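S.K.: With the input below, show me the fold.
(2 chains)
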Amino acid sequence: MNDTSTVRRLATRAAEATPPPVVARVGGLGDRAIAWLFIAPTIVLLLAINIFPLIWTIYLSFTNFRANRPNAAVEWLGTRWYTSILTDPDIWAAMQVTARFVVATIVIQTVLGFLLAVLIDKKFRGHGFWTTLILLPMMLSPAVVGNFWTFLFQPQIGLFNYAVSFVTGLPPSSFQMLGDVSLAPWAIAIVDTWMWTPYVMLICLAGLRSIPDYIYEAAEVDRASKWRQFWSITLPMALPFIMLAVLFRGIENFKMFDMVNLLTGGGPGSTTEVASISLKREAFEKWRTGYSSAFAIILFVTVFGLANIYVKALNRVKQR
Amino acid sequence: MAAGISTAHSVVEPSPLVRRIAGAVVILYALITIVPLIWIGLTSLKSPPDSISYPPKILFEPTLEGYCNLFTTRSRQTAEYLQGLPAASGRCEEIARQRSMVVVGASNFVPRFWNSVIIAFGSTFCAVTLGTLAAYGFSRFKVPLKDDLLFFILSTRMMPPIAVAIPIFLMYRELGLSDTKLGMILLYTSVNVSLAVWLLKGFIDEIPREYEEAAMIDGYSRLQAFVKVVLPQATTGIAATAIFCLIFAWNEYAFAVLLTSGTAQTAPPFIPIIIGEGGQDWPAVAAATTLFLIPIVAFTILLRKHLLRGITFGAVRK
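M.R.: This is a model prediction of the structure:
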């Protein structure tokens, strides 16, 4: 770098910067104005489409309003729906089904997704192509896929049953993935895992690639074993990413509706009736708008509370 | 190895053997994962009897019957009536005649598909625009209650769609937005914007502030610095975010099935109710699924490098 040219450039810059640039003052906006101008549209949209309806839902949850009878007199019921929901065994059953589904799928997908990410991060030949292939399922609509998997799960003609019988020797029509009480939850978990493991994998991969090489180089210099490097470098440094993936998957699966609705519709019996399916039945089949509003609020408080605790933990991990 | 006088590779490069094993496992997983998708494509080219044969047929005579059944509506006719007709014109008519049917019109698939296109791209554009602005605001400025606002934005995504759909259903009924594309675009934008803000804030945080500060010292205003310095740097992040938003809007089912029934109905609630005579017409469903999947696959492959780079923060590091 030529010294004189650097000095000259700095001088020019200083000259430009010293008098407050008139153009920036007049034509440009202050930082504070820009900050609000940039953030406000998003906040306004969310207030209109999310918060206003939420407040409306809270109001409805205290009334006997029914959406299919908009002109009937609305009666204020106080907290009657809340007490009846919290003491309703069917609701608790639905919450348990949801919890089991969320925990099972998250554990499977995180382990599988992280392992895949570690393997893909080895950058074998053609890893880009195969990664793209693996990513394909998560691009499909859960509804459209769920619908097609009902075909794959057919006992007599389905490819899934045929493949299982091919591997295990069981006759393919001896088990019904969607019709059997003990298998139906697993049928949903299988499809969910097939679809969403790539999502976890992608976020984990980003985490792994965010770890700078020099840390591993330093560990090599210190003669840390690969095993030690994995537990002391890879996992802790990728942990915020893994936790983020778990957060998003957890929230998504807590809300799970599409696939369950199309795969089993909550059946057989009510073995796969997750919270969203119960809610849909109450709100859009029985049209108990007040009752379902109260249920919706309870669900929201649950997921909001859990996520709040979780995000605090995530921030603590990030700060370490 | 630990002493590692590095040869061509640095010490952190995996050995060829590790690479090969990793490759084999990933490829095996990819092949298993892809089978159901291939099956969708194959089924779309089968005749209805072939699609439900046992054992499942891998080799079969391909036919366009599934696609014809997807795009047309047909009615069954008597043998005498069919004999009185002139020779079939067009492939689909021919196929229908073989099944003692005639094509009577177009199905609803094309309009539903277009609704999906308009709603997905419209809402993605809005969400990414809003999200980029908000993400920049949160990334660069001291916003009061920043963490609370960010959490609020995320929290709007925590409502189960069915719970949101109850008041939206009532609100849209009042506003005349029920079963309209505008209503669905607004709704999907509001759902996607939270994802967009969070993802993009991450990407913009990675762009060094010094770039803009240098530009502003050179006389750019804050807005100019945003447009000319930050946006080009954030392209990868914006593209990756757009893909995620697009996938969400394209695939969304719960709102669509509850809030649309006709003019604004998208493909996902429509595809599962494609039925033929006596149950689901699987080749037609598979054909619809195939066509529904292709745009997203194409779009993703087009942006594959950017997607990976974006997700791995590559724009900043490389």
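
S.K.: Now the residue most central in space within chain B: closest residue in space, sequence neighbours ignored.
M.R.: Per CA atoms, centre = their mean, the C-alpha nearest to the average position across chain B is that of B:I247, at 2.6 Å. Closest residue to B:I247 apart from its sequence neighbours, by CB to CB, 6 or more residues apart in numbering or on different chains: A:M139 at 5.5 Å. Any C-beta I mention is one placed from the backbone N, CA and C, and that applies to glycine too.

S.K.: List the contacts of that neighbour.
M.R.: A:M139 makes contact with B:247, B:251, B:293, B:296-297, B:300 under the criterion CB atoms under 8 Å, 6 or more residues apart in numbering or on different chains.

S.K.: and it, what pLDDT?
M.R.: The score at A:M139 is 75. That number is its pLDDT.

S.K.: next one: phi and psi at B:G183?
M.R.: Dihedral angles of B:G183 (phi, psi; degrees, to the nearest 10) stand at phi -60, psi -40.

S.K.: my bad, should have said A:R223
M.R.: phi 60, psi 40.

S.K.: burial of it, as a residue count?
M.R.: Look at A:R223: counted by other CB atoms under 10 Å in any protein chain shown, it has 10 neighbours.

S.K.: got it, and the one 4 residues further on?
M.R.: The number of residues packed near A:W227 is 8, by other CB under 10 Å.

S.K.: what about it, helix or strand, and which?
M.R.: Following DSSP states H and E, one finds A:W227 within helix A:226-229.

S.K.: mind exporting that helix as CSV, just the C-alpha atoms?
M.R.: What follows is helix A:226-229, C-alpha atoms only, in CSV (Å, rounded to 0.1, in the frame of the first residue of the first chain):
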residue,chain,number,x,y,z
LYS,A,226,-11.1,-37.1,17.9
TRP,A,227,-13.5,-38.4,20.5
ARG,A,228,-12.5,-35.7,22.9
GLN,A,229,-12.7,-33.1,20.2
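
S.K.: Now do that helix: which elements does it pack against?
M.R.: helix A:213-221 (3 or more CB pairs under 8 Å, 6 or more residues apart in numbering or on different chains; DSSP states H and E).

S.K.: touching chain B at all, the helix it packs on?
M.R.: Yes - using CB under 8 Å from any CB of the partner chain, helix A:213-221 reaches chain B at A:213, A:216-217, A:220.

S.K.: cool, and stretch A:101-110?
M.R.: No - residues of stretch A:101-110 contacting chain B under CB under 8 Å from any CB: none, with a closest distance of 12.3 Å.

S.K.: Flag every buried residue along that stretch.
M.R.: A:101-102, A:104-106, A:108-110 (16 or more other CB atoms under 10 Å in any protein chain shown).

S.K.: Then stretch A:134-148?
M.R.: A:134-148.

S.K.: Where does the prediction get shaky in the chain?
M.R.: As the question left the chain open, I've gone with chain A. A:1-28 (pLDDT under 70).

S.K.: um, chain B though
M.R.: For chain B (pLDDT under 70), the answer is B:1-11, B:278, B:302-318.

S.K.: What are the boundaries of the strands in it?
M.R.: Here chain B has its strands, by DSSP state E, at B:72-76, B:101-106, B:275-276, B:279-280.

S.K.: ok, now how distant is B:A264 from chain A?
M.R.: Distance check for B:A264 against chain A: by CB to the nearest CB, to the nearest Å, it reads 16 Å.

S.K.: Need phi/psi at that residue.
M.R.: According to degrees, to the nearest 10, B:A264 has phi -110, psi 10.

S.K.: For burial, what's the neighbour tally of it?
M.R.: Neighbours around B:A264, by other CB under 10 Å: 22.

S.K.: Verify the stated contact: it with B:G183.
M.R.: Yes - contact criterion CB atoms under 8 Å: B:A264 and B:G183 qualify, at 7.0 Å.

S.K.: Show me the buried residues of stretch A:101-110 that map onto strands.
M.R.: Using DSSP E, none of those sit in strands.

S.K.: and those residues as JSON lines, adding distance to B:T260?
M.R.: Output for the buried residues of stretch A:101-110, formatted as JSON lines (distance: CB to CB, whole Å):
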{"residue": "A:F101", "distance to B:T260": "27"}
{"residue": "A:V102", "distance to B:T260": "28"}
{"residue": "A:A104", "distance to B:T260": "32"}
{"residue": "A:T105", "distance to B:T260": "28"}
{"residue": "A:I106", "distance to B:T260": "31"}
{"residue": "A:I108", "distance to B:T260": "33"}
{"residue": "A:Q109", "distance to B:T260": "31"}
{"residue": "A:T110", "distance to B:T260": "35"}
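
S.K.: circling back: out of the contacts of A:M139, which is most surrounded?
M.R.: So for those (other CB under 10 Å), the most neighbours sit at B:N251, 24 neighbours.
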